[in-house]
Structures are given as structure tokens and as C-alpha cells.
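**Q** could you look at this predicted model? Sequence included:
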Amino acid sequence: MSSRIEDRISLFRSQLEHRRFEDGTLCILESIFVSKDVNSLLEIRSILKEFMRSEAMFVFQEIMEKSVEEKLFVLEFFVRAFALSGDVEANLPSFFLYFTFLGFQSCLALKYEALILREQKCLNHESLQVSYEEWLTFAEDSLNNGFYSIAVKGFDNALLCIQTNNSSVDPRTDIFANAHIVGKIKKLKDVAVALVASHSVQAQTAEHLKKKTIQKNENINLYSMDTQCLASSMFRNGIKKRNFQKLHALQSLRQTNTEL
């Protein structure tokens, strides 16, 4: 391992220890993986993997009392860091379970961003390449937990991986086996698409019913106001009529007294 790489690793450690969860720290991490020496690269990954996993648990304990926004900010940093280092095992499961109270949808969104980030970086680092199995697992998790739109994206990416051979599917293997995998993914995608449409219709129906209820309540309130206005008007007219009758009676009485 060169002294330059050792300095970069030391700088990255320092950034994490000082809790600098920023893009600059991630850039330092990415610059570490420029070594062309395979053995050296494996050693670097092993060192950083253990350090980041250990440091992440300490950090998560420290921010337990922080706001949800701060927790998600830190979690996103580590998701991206694990993605850049190619640490697929630590990429999400244990840490996301640790933060389930943040909301599963937020975790899925971060996982999706991590997979996309790895795909963007895999041109320079082949070890970051995302397999169709990873996309499929992500999509199935999304589907099983009710996030159908996210699931559709995952299935699309799994199919794209197979079509572009950016996956562990070997085109030289049994063509029927590959066709079975593609067929399975397409069927699951169709299910997700149907559920998206179904929920869209349900949402539109619910919105329509909500508007009708509001309109009905407004009509009832308007009728009530009209009734109150009518009653008030009748009451005022009744008072006027009674006062007029009293005045007329008083005038008649005065006229009678005058004549006497």
C-alpha cells in the first residue's frame, strides 16, 4: 500500500471521527480506491469495511436523541459510503433495521439511491457493479411492503441488467433458465403495475367521495343558514306586525277618549 493511499485512509478516518458527514468526506473515500493493485485494493476494502461498520454503530448510538431529519442525513451518508466501498453486505440490512422507526419508505429510497450510485461508479470500479439479483431483491422487498411504484423501478432495472449482461446471468447457460428468470421478473412487474393502477383508482375514488361529502356538508350548512335567515325574518316581521297592532289599538283608544 502506497504512502499516499495510507494518508488518504488516515484523512478519511479523521473526517469520520470528527463526524464530518459531507460530500468532501465521500470524495476522499472514493479517491482511495484508485489503486490498480488488486491485492492492495482488497486489503484497503477490508480495512475500511471493518472501520466503517464499527464507526457507524457508534455514530447511530450517538444520534438516538436527534431529530428524524438528522438521523436520515447521517444514514444517507453511510449508505453512500458503503456503496462507494462496495460493501454490499453492510449496504443496508442491519443498519436499516436499526432505524426502522424512521420509516421503511425512507430506507427504501436510500437503498435505491445507493444502488443507482453504484451503477454510476461501476464504470471505474467493476466491483461496484449491481447484479440483477440485487435489483430483484430490492424490488420484491418494495412490492411486499406496499411500495409498488418503487418496485416497478426495481424490476425495470433488474431486466435492464439482464439485457445488457451487467449481471450474474451467464448468456452461455441454458437459454430456458434465463427465459424463466426474465419471465418471473416480468410477471412480478405486471403485478406491481396493476397494484399501482388499482391504488390510483382507489385514490381517485376516495378523492371524489371526499369532494362529494364536503359539497354535501356545504349544502346542509347553506340550507341551515337559509332556514335560520327565514326564521329570523319571520320573527322580525311578527314583531313589526305586533307593534303595529299595538300602535293601532293605542291610537283607537286615544280617539275614543277624545270623543268622550
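**A** Yep, it's here.
**Q** and Ile63, how many neighbours?
**A** Neighbours of Ile63 under the rule other Cβ atoms under 10 Å: 15. The C-beta positions use only the backbone N, C-alpha and C, and glycine is treated the same way.
**Q** now Glu30: how far from Leu48?
**A** 11 Å (Cβ to Cβ, to the nearest Å).
**Q** what about these two, which has more around it?
**A** More crowded of Glu30 and Leu48, by other Cβ under 10 Å: Leu48, with 22 against 18.
**Q** Ile44 and Ile5 touch, don't they?
**A** Yes: using Cβ atoms under 8 Å, Ile44 is in contact with Ile5, at 6.7 Å.
**Q** list the contacts of the residue nearest to Ile32 when sequence neighbours are not counted.
**A** When the adjacent residues along the chain are set aside, Ile32 lies closest to Arg8, with 4.8 Å between them (Cβ to Cβ, 6 or more residues apart in numbering). Arg8 makes contact with 28, 31-32 under the criterion Cβ atoms under 8 Å, 6 or more residues apart in numbering.
**Q** for Arg8, grab phi and psi.
**A** Backbone geometry at Arg8, expressed as degrees, to the nearest 10, gives phi -70, psi -40.
**Q** now it: how far from Gln15?
**A** 11 Å.
**Q** what about Glu119, neighbour count?
**A** When neighbours are counted by other Cβ under 10 Å, Glu119 comes out with 18.
**Q** give me the element it is part of.
**A** helix 104-121 (DSSP states H and E).
**Q** and the next element down the chain from that helix?
**A** helix 132-144.
**Q** show me what contacts the nearest residue to Leu136 once chain neighbours are set aside?
**A** Spatially, and ignoring its direct neighbours in sequence, Leu136 is nearest to Ala158 (4.6 Å; Cβ to Cβ, 6+ apart). By Cβ under 8 Å, 6+ apart, Ala158 lies in contact with 132, 135-136, 139, 185.
**Q** 6 Å - rerun?
**A** Taking Cβ atoms under 6 Å, 6 or more residues apart in numbering, we find Ala158 in contact with 132, 135-136, 185.
**Q** phi and psi next, for Phe21.
**A** phi -90, psi 70.
**Q** tally of neighbours for it?
**A** 19.
**Q** tell me how far the closest residue to it other than its chain neighbours lies from Asp190.
**A** Residue nearest to Phe21 in three dimensions, not counting chain neighbours: Phe77, with 4.0 Å by Cβ to Cβ, 6+ apart. Note on Phe77: its distance to Asp190, by Cβ to Cβ, is 36 Å.
**Q** what's the answer for Lys111, then?
**A** 23 Å.
**Q** between those two, which one's more packed in?
**A** Each of Lys111 and Asp190 has its neighbours counted (other Cβ under 10 Å); Lys111 has more, 23 against 12.
**Q** look up how far Glu62 lies from the more buried one.
**A** Taking Cβ to Cβ, one finds Lys111 at 23 Å from Glu62.
**Q** what of Val191?
**A** For Val191, the distance to Glu62 equals 41 Å [Cβ to Cβ].
**Q** those two - which one has more neighbours?
**A** Using other Cβ under 10 Å as the criterion, Val191 and Glu62 rank with Val191 on top: 15 against 11.
**Q** not counting its neighbours along the chain, what's nearest that one?
**A** Distances taken as Cβ to Cβ, 6+ apart place Leu143 nearest to Val191, at 7.0 Å, with adjacent residues excluded.
**Q** burial count for that neighbour?
**A** 20.
**Q** before we move on, what about Leu29?
**A** Leu29 has 21 nearby residues by other Cβ under 10 Å.
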